[in-house]
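Asker: requesting a structural model of the entry that follows:
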Amino acid sequence: MWNEIKLMNHFINPVKLMICLLLLGYGQPVFSAVKSSEPDVGALWDQYLSDDARKSPVIQYPFERCFKLASARYSLSLSLLLAVSRGESNFNPRAKSDRNCHGLMQILWPQTAKHLGIYQLDALYDPCTNILAGARYLRELLDRYDGNLHLTLAAYNYGPNRIRKNSISSNIPQGAQWYSGYIYHHLQHILRGATAPAASSGSGGRLRYNPKQQLEIITFTKPYRAAGFYQYLKERAPRLNLDWYRMGLGRYQVVMLYTDESTLENGKRKLRKLGIEVKGR
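Answerer: Reported below is the predicted structural model:
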């Protein structure tokens, strides 16, 4: 915690630092209040399956051909696959975690990879191979949990041996609960503005998502602090295109997304008005 305070103190004045510490759960009473107000993620996933699963994203994402192939082969919604990849790696095919997970969909080596028929580590860095493997695994889990996406995602993160088939939300590990909500957060970015059925969408004229166009603001060691600081900025600068990502074991980064130099500089100015000075790109 103190490392985070020192880091924040480089770019936030003392008054705003005190506000941030309260918002980020500095002290058990505040954190308990945050946890008690968390939404029912399972119900949100059920609503997604009912209302939004066939919607197509407005933005064109990296490796979209591979995602569409996996979506069709394993009867999974395109937006779900994109949300998992966005949350796991931000579409980085060379991503590697502290827990020996690899590629776009962060496939565990060697256990899960070999279960999915992949026997060479390098194969996980091929985008289409990785996406198809991740989709196959999601399909297996979705069938195992009778179409319950909340439990499916909990097991994708924690392993099916740790998530019982008939579990209720309150009985699964808190980290697995968090992961399901984390992927749902990224789904909201994927679905932003989406209205048309996925089958009718083409790539012509759509803006491309560039995962490299993001400005790092701060890194935390606790996910609820990153989520809290993200929400703090969203409330005070709603027009900024902000997000936060899990960057590895114990690292959660809040970033600003931008489309060009103009939006980058404009975003920096807005952050400076909040007392936040960010160096670099």
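Asker: just the helices in the stretch 1-150 of the chain please.
Answerer: 2-9, 14-23, 28-36, 41-51, 64-74, 78-89, 111-115, 127-144, 149-158 (DSSP state H, counting those that start in this stretch).
Asker: tell me which of these lies nearest to residue 236.
Answerer: Residue 236 lies closest to helix 14-23 among those, at 9.4 Å (C-beta to C-beta). Glycine gets a C-beta too; all of them are placed from N, C-alpha and C.
Asker: about what we covered before: residue 188: which of the helices of the stretch 1-150 of the chain is closest?
Answerer: helix 78-89 (8.5 Å).
Asker: what about the closest one, distance to the chain center?
Answerer: 7 Å (C-alpha atoms, centre = their mean, to the nearest Å).
Asker: neighbouring contacts of it?
Answerer: 52-53, 55-57, 61, 67-68, 70-71, 91, 95, 101, 103-106, 131, 134-135, 138, 149, 153, 156, 182-187, 189-191, 194, 198, 245-246 (C-beta atoms under 8 Å, 6 or more residues apart in numbering).
Asker: would you write a ChimeraX line that selects the buried entries of those residues?
Answerer: Those of the contacts of helix 78-89 that count as buried under 16 or more other C-beta atoms under 10 Å are selected in ChimeraX with:
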select :52,53,55,56,57,61,67,68,70,71,91,95,101,103,104,105,106,131,134,135,138,149,153,156,182,183,184,185,186,187,189,190,191,194,198,245,246
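Asker: lowest-confidence helix or strand of the chain?
Answerer: helix 28-36 (a mean of 39; mean pLDDT, DSSP states H and E).
Asker: pLDDT below threshold where in the stretch 51-200 of the chain?
Answerer: 194-200 (pLDDT under 70).
Asker: 50 - rerun?
Answerer: Residue ranges of the stretch 51-200 of the chain with pLDDT under 50: 199.
Asker: follow-up on the earlier one: can you tell me which of the contacts of helix 78-89 are in strands?
Answerer: Judged by DSSP state E, the contacts of helix 78-89 include 101, 245, 246 as members of strands.
Asker: looking at the sheet around the second one, what are its partners?
Answerer: Think residue 245. Beta-bridge pairing for residue 245 (DSSP bridges): residue 253.
Asker: report pLDDT for it.
Answerer: Looking at residue 245, its pLDDT stands at 94.
Asker: how is this structure carved up into domains?
Answerer: 2-36+213-273, 41-200 (automatic domain parsing).
Asker: export those to CSV and append columns for distance to residue 207.
Answerer: CSV is the format used below for those (distance: least, C-beta to C-beta, whole Å):
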stretch, distance to residue 207
domain 2-36+213-273, 8
domain 41-200, 5
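Asker: what's the spacing between the residue nearest in space to the middle of the chain and residue 111?
Answerer: By C-alpha atoms, centre = their mean, the mean C-alpha position of the chain lies nearest to residue 87, the distance being 2.5 Å. Remark: distance between residue 87 and residue 111 (C-beta to C-beta, to the nearest Å) = 21 Å.
Asker: tally of neighbours for the closest residue in space to residue 61 that isn't next to it in sequence?
Answerer: Among residues not flanking residue 61 along the chain, residue 209 sits closest, at 4.9 Å (C-beta to C-beta, 6 or more residues apart in numbering). Counted with other C-beta atoms under 10 Å, the neighbours of residue 209 add up to 21.
Asker: check residue 258 too.
Answerer: Residue 258 has 20 neighbouring residues, counting by other C-beta under 10 Å.
Asker: quick one, what contacts it?
Answerer: 213, 214, 215, 241, 264, 267.
Asker: could you find the closest non-adjacent residue to it?
Answerer: On the basis of C-beta to C-beta, 6+ apart, the spatially nearest residue to residue 258 that is not a chain neighbour turns out to be residue 264, at 4.3 Å.
Asker: part of a helix, is that neighbour?
Answerer: Yes: counting by DSSP: H, G, I helix; E, B strand; the rest coil, residue 264 is located in a helix.
Asker: doesn't residue 240 make contact with it?
Answerer: No: using C-beta atoms under 8 Å, residue 264 is not in contact with residue 240; the gap is 11.1 Å.
Asker: quick one on the thing from earlier: measure the residue nearest to the residue nearest to the centre of the chain when sequence neighbours are not counted to residue 43 for me?
Answerer: Nearest residue to residue 87 in three dimensions, chain neighbours excluded: residue 186, at 4.1 Å (C-beta to C-beta, 6+ apart). To residue 43, residue 186 is 18 Å away according to C-beta to C-beta.
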